[in-house]
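**Student:** quick one, fold the following:
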Amino acid sequence: MEKEYQENTYGNDNIGSVKIADDVVATIAGIAAAEVEGVAAMAGNLTNGLLDKVGVKNLKKGVRVEVIGREVRVDMALVMEYGYNIPASSRKVQERVQNAIENMTGLEVTDVNIRIMGINMQKNG
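**Tutor:** Sure thing, here's the model as predicted:
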């Protein structure tokens with residue numbers, strides 16, 4: 001039995017279509033999460049203050065997205081900075097990721113699941 005999969009395709013059939021790759025959605029999520037104060041790293045990549053040095057390819061590490069039809073589920077693994085409220089920072093990440101994906105792609109984000117992998121104890125600056 002073949003699995004039925006609806007592609008991530010948009011647009012007017014008279015003009016053409018637009019397909020958004022899952023990697024693009026994951027990159028959007030990674031950038032949005034990196035912008036939240038208190039997020040130190042994703043999957044071992046430093047984020048705060050180093051976005052220009054870290055390639056866009058690395059911003060999707062630690063982010064897994066599942067796109068089914070027009071719905072997206074996001075799973076993220078983060079390292080937080082010491083001294084920040086983890087639940088409050090996590091909520092900000094969830095909100096920012098949801099807003100970024102929905103505004104940029106038109107998809108509906110159903111879940112943004114965050115797993116805290118550690119705490120960065122080093123002082124920045």
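
**Student:** now for the helix or strand encompassing Arg91, which elements pack on it?
**Tutor:** When elements are assigned from DSSP states H and E, Arg91 belongs to helix 86-105. Secondary-structure packing of helix 86-105 (3 or more C-beta pairs under 8 Å, 6 or more residues apart in numbering; DSSP states H and E): helix 22-34, strand 71-81, strand 108-120. In this view, the C-beta of every residue, glycine as well, is placed from N, C-alpha and C.

**Student:** ok now it, how far from the chain's centre?
**Tutor:** Its chain's average C-alpha position is 8 Å from that of helix 86-105, according to C-alpha atoms, centre = their mean, to the nearest Å.

**Student:** pull out the buried positions in that helix.
**Tutor:** Buried residues in helix 86-105, counting neighbours by 16 or more other C-beta atoms under 10 Å, are found at 89-90, 92-94, 96-98, 100-101, 105.

**Student:** circling back to that earlier point, so which of the helices and strands packed on helix 86-105 is nearest Gly62?
**Tutor:** strand 71-81 (4.3 Å; C-beta to C-beta).

**Student:** now the angle from that closest one to strand 108-120?
**Tutor:** 20 degrees (axes from the mean of the first three to the mean of the last three C-alpha atoms, to 10 degrees).
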